[in-house]
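Participant: give me a model of this one.
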Amino acid sequence: QVQLVESGGGLVQPGGSLRLSCAASGNIVRISTMGWYRQAPGKQRELVATYTSGGITNYADSVKGRFTISRDNAENTVYLQMNSLKSEDTAVYYCNAPVILTARGYGTDYWGNGTLVTVSS
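Facilitator: Alright, predicted model coming up:
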């Protein structure tokens, strides 16, 4: 069974930095795209950044220049380096993999349980 497990959230002051990690496990053969989404209180879940297996990255306009997504394909892990954090970055951050090939075949729409990031002084 595939699992995505996030870590690295916490409380940080405005202007500070955090690094999130998401590790996928479960007889994985290949993951195409991995990404991060976030959901602030009272708002819909939104895209933060994605990273394809070919190395193409995509960012929400609100985080461009501040956040960097990276990936370790050998470890099935994706990272999100968040710098110059703002109060509006406060949210639960979720790891996502739309398609994963496992030993049993393809599966779709995998999500982690989320990690809370709070930006406050």
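
Participant: neighbours of residue 61, how many?
Facilitator: 6 (other Cβ atoms under 10 Å). C-beta here means a position set from N, CA and C on the backbone, and glycine is covered the same way.

Participant: please apply the same query to residue 17.
Facilitator: 11.

Participant: now do the one 4 residues further on
Facilitator: Counted with other Cβ under 10 Å, the burial measure for residue 21 works out to 17 neighbours.

Participant: so where does it fall, helix or strand?
Facilitator: For residue 21, the element it lies in under DSSP states H and E is strand 18-25.

Participant: packing partners of that strand?
Facilitator: strand 3-7, strand 33-39, strand 77-82, strand 91-102, strand 115-119 (3 or more Cβ pairs under 8 Å, 6 or more residues apart in numbering; DSSP states H and E).

Participant: now the third one: mean pLDDT?
Facilitator: On average, the pLDDT along strand 77-82 is 98.

Participant: quick one: the residue nearest the centre of the chain from residue 103, how far?
Facilitator: Within the chain, one residue has its C-alpha closest to the average C-alpha position: by Cα atoms, centre = their mean, that is residue 36, at 2.8 Å. In this view, residue 36 and residue 103 are 26 Å apart by Cβ to Cβ, to the nearest Å.
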